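Novice: Please work out how this folds:
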Amino acid sequence: MADRTRKQVFVIGLDSAAPALVERWAGEGKLPVFKRLMETGCYGRLESTAPALTPPAWTTSVTGVNPGKHNIYDFFRVTPEHGKEIVSSNDRGSKAIWNLVDEFGGRSIILNLPITYPAEEFNGIMITGMPTPNVNKGFVSPANIRDEILRLTNGRQLAVDPHKLMRGEEHEFLQDLEAVTDLISRLTTHLINGSDWDFFMVVFDDLDRLQHTFWHHMDPNHTFYDKEKAQIYQDAILHFYQFLEEKIEDIISMLDEETVIMIFSDHGMGPVYRNFHINNFFEERGWLKSKKPLFSMKEILRSMGLSLERMKLFLDSSGMRVLARRLLPPGVKNYVRKNLPAEGIELEIIDWSKTLDWSNSLAYLSSRTGQGIMINRDNVEDYEAFREEIIESLLNLKDPETGRHVVKRVYKKEELFQGPYLNNAPDMLLEPAETYELQEKLGASVFQDVNVSRVPISANHQKEGILLLFSKRDLHQGHNLSDVKIADIAPTVLCALGFSVPRDMDGRVIVEAFDEAFLKNSPVRYSDISLNMESASESMTSTDEAKVADRLRDLGYID
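Specialist: Sure thing, here's the model as predicted:
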């Protein structure tokens, strides 16, 4: 080990853990483990990336740099023709904690961290997280432990089955949620006991799935709220937090008391009540021109008293949609993808290369998840003046139904991102107001109540997550943290391990969490080590990309 006394850092990621819920339930004594850790360690609200989204947030946490340096902005890359391609670990352009630990002579274990597929080779073990397409190859490194991992996981992926929820099997969905979480916990236990490590990171990500789809059961103000179902499921989210803290307690009990333990979430979660179809707004202002299809599937169905949403719900509940995906020949599926407009059929990722008349457009929202606006510079006389016009129009826009402003912030890309991948960022990003959800597709109107498509998405990401740091040694006890950002995770981990921090990291070491003795014996050190990284992983196949797209669609991330 390079010039240090050996230390260990164990990180637990809780995807979408919401500070308002954790703080309230801990204060009420309903989350005793969280309450104890908050009182005996360091706790604060953690500011996520913009957008507060899984790929850029988790990647920023483990690289310590902004997306302009690590190149992960969204689940997708927008092609020059305005289509979409799935991102993977191959797109990451900056070293992560495990790469640096490897260079410093240490060993890491990474379990179920999103956007790590295909798995990398380094000194340690990696079992990839969402969206991993399958367990046939590429999901574990080194490859020679694949059979061992499959035996421990009974051959299943570390992901809940969303089709149960689509079929209306809420109870079975909750059971599967706990089963997957228990599986991740048992795999964590196995790796703690059976492997040597300096840095260990495990992510429990199905809390995100649960909160997205069950929030309305505890929210009487939500349009999806149903009294009868609320009697059954109103405490489902609380019970899962309680289930998670039991697993956290089990893990902590296995660790040396001097191990530095960190728990954090990539973002928070909160309710959504209204949809803002921003591309409709752009179309009304003349900024977006679409290619009108020869026929509109929506209009045909509407004239028959039907809707795509109801048809999809029927197909999902009967299992026919999944069956059709499996049985349709690849040629037929490819024909549908290539020849039917996304506006008309909505079976695939919205492919703007088929529906957008870019040559006559000025701007459009290119991704609902990425919340990015792309501008056609060829059609704009004054780029800066046009961006200011967009900002002013969005910030002044009110929902006529509620009288509320619908956009909280609009950012120019250079306000958020700096680095060699800045050109891959959208021209602007916007942050919707609380309880509003951006929609990318062209809808019936600019504003609508949220509606059920495949699953009832009743909540979405919020910018504040949680951060807990604790140890019997080296850290303050009962200390409140403030002004902490998700990019601070990586440099703080490196400092706790006794390694130097690369100067090019954007995040800072959270020095206020460490006690005076630690800082005296292990002062923060910086180095000029390069963070640039070239992928050595095998590329994702088109079949894998299709499976990932299906997974993201089933989880409600895409239409």
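Novice: so who does residue 269 touch?
Specialist: Residue 269 is in contact with 16, 18, 21, 208, 211, 212, 215, 459, 460, 461, 462, counting by C-beta atoms under 8 Å, 6 or more residues apart in numbering. Glycine gets a C-beta too; all of them are placed from N, C-alpha and C.
Novice: Kindly write the PyMOL command that selects the buried subset of those residues.
Specialist: To isolate the buried ones among the contacts of residue 269 in PyMOL, judged by 16 or more other C-beta atoms under 10 Å, type:
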select buried, resi 16+18+21+208+211+212+215+459+460+461+462
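Novice: okay, the contacts of residue 269 in a markdown table with secondary structure, pLDDT and distance to residue 76 next?
Specialist: Shown next, in a markdown table, are these (DSSP: H, G, I helix; E, B strand; the rest coil; pLDDT from 0 to 100; distance: C-beta to C-beta, whole Å):
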| residue | secondary structure | pLDDT | distance to residue 76 |
| --- | --- | --- | --- |
| 16 | coil | 98 | 20 |
| 18 | coil | 98 | 26 |
| 21 | helix | 98 | 29 |
| 208 | helix | 96 | 18 |
| 211 | helix | 97 | 23 |
| 212 | helix | 96 | 19 |
| 215 | helix | 98 | 25 |
| 459 | strand | 97 | 22 |
| 460 | strand | 96 | 17 |
| 461 | strand | 97 | 16 |
| 462 | strand | 97 | 22 |
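Novice: Looking at the contacts of residue 269, which is nearest residue 112?
Specialist: Among the contacts of residue 269, residue 208 lies closest to residue 112 (C-beta to C-beta), at 12.2 Å.
Novice: isn't the closest one right up against residue 18?
Specialist: No. Using C-beta atoms under 8 Å as the test, residue 208 is too far from residue 18 to be in contact (10.3 Å).
Novice: same question for stretch 138-148, mean pLDDT?
Specialist: The average pLDDT within stretch 138-148 is 94.
Novice: now stretch 40-57
Specialist: 97.
Novice: do the same with stretch 463-473
Specialist: 95.
Novice: could you dump it to CSV, C-alpha only?
Specialist: Taking C-alpha atoms only, stretch 463-473 is exported to CSV below (Å, rounded to 0.1, in the frame of the first residue of the first chain):
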residue,chain,number,x,y,z
LYS,A,463,-32.1,17.7,-6.4
GLU,A,464,-31.4,17.1,-2.7
GLY,A,465,-30.3,13.7,-1.5
ILE,A,466,-28.8,12.5,1.8
LEU,A,467,-25.3,12.1,3.0
LEU,A,468,-24.2,10.2,6.2
LEU,A,469,-20.5,9.7,7.3
PHE,A,470,-19.6,7.9,10.4
SER,A,471,-16.8,5.9,12.1
LYS,A,472,-15.6,5.1,15.6
ARG,A,473,-12.4,7.0,14.7
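Novice: Buried residues, it. List them.
Specialist: 463, 464, 465, 466, 467, 468, 469, 470, 471.
Novice: Quick check, the third one in contact with residue 46.
Specialist: Yes. Shown here, residue 465 and residue 46 form a contact pair, counting by C-beta under 8 Å, at 4.5 Å.
Novice: where do the contact lists of the two overlap?
Specialist: With C-beta under 8 Å, 6+ apart as the test, residue 465 and residue 46 both reach 264, 265, 486.
Novice: who wins for neighbours among those?
Specialist: In terms of neighbours by other C-beta atoms under 10 Å, the shared contacts of residue 465 and residue 46 top out with residue 265 at 30 neighbours.
Novice: hey, which helix or strand in this structure has the poorest pLDDT?
Specialist: None of the helices or strands of the chain scores lower by mean pLDDT, DSSP states H and E than helix 342-345, at a mean of 27.
Novice: Past that one, which element shows up next along the chain?
Specialist: helix 352-355 (DSSP states H and E).
Novice: Would you mark the buried spots in that following helix?
Specialist: Buried residues in helix 352-355 (16+ other C-beta under 10 Å): 352, 354, 355.
Novice: Over to stretch 511-528?
Specialist: Neighbour-count burial for stretch 511-528 [16+ other C-beta under 10 Å]: 513, 514, 518, 522.
Novice: and what of stretch 96-112?
Specialist: Under 16+ other C-beta under 10 Å, the buried positions of stretch 96-112 are 96-102, 104, 106-112.
Novice: can you pull out the strands in the stretch 351-500 of the chain?
Specialist: Using DSSP state E, counting those that start in this stretch, the strands assigned to the stretch 351-500 of the chain run over residues 363-367, 372-375, 407-412, 428-432, 435-439, 447-449, 459-462, 464-470, 479-480, 484-485.
Novice: Distance to residue 532 added to the ones you listed, as JSON lines?
Specialist: What follows is those, written out as JSON lines (distance: least, C-beta to C-beta, whole Å):
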{"stretch": "strand 363-367", "distance to residue 532": "26"}
{"stretch": "strand 372-375", "distance to residue 532": "24"}
{"stretch": "strand 407-412", "distance to residue 532": "26"}
{"stretch": "strand 428-432", "distance to residue 532": "25"}
{"stretch": "strand 435-439", "distance to residue 532": "33"}
{"stretch": "strand 447-449", "distance to residue 532": "44"}
{"stretch": "strand 459-462", "distance to residue 532": "29"}
{"stretch": "strand 464-470", "distance to residue 532": "28"}
{"stretch": "strand 479-480", "distance to residue 532": "35"}
{"stretch": "strand 484-485", "distance to residue 532": "22"}
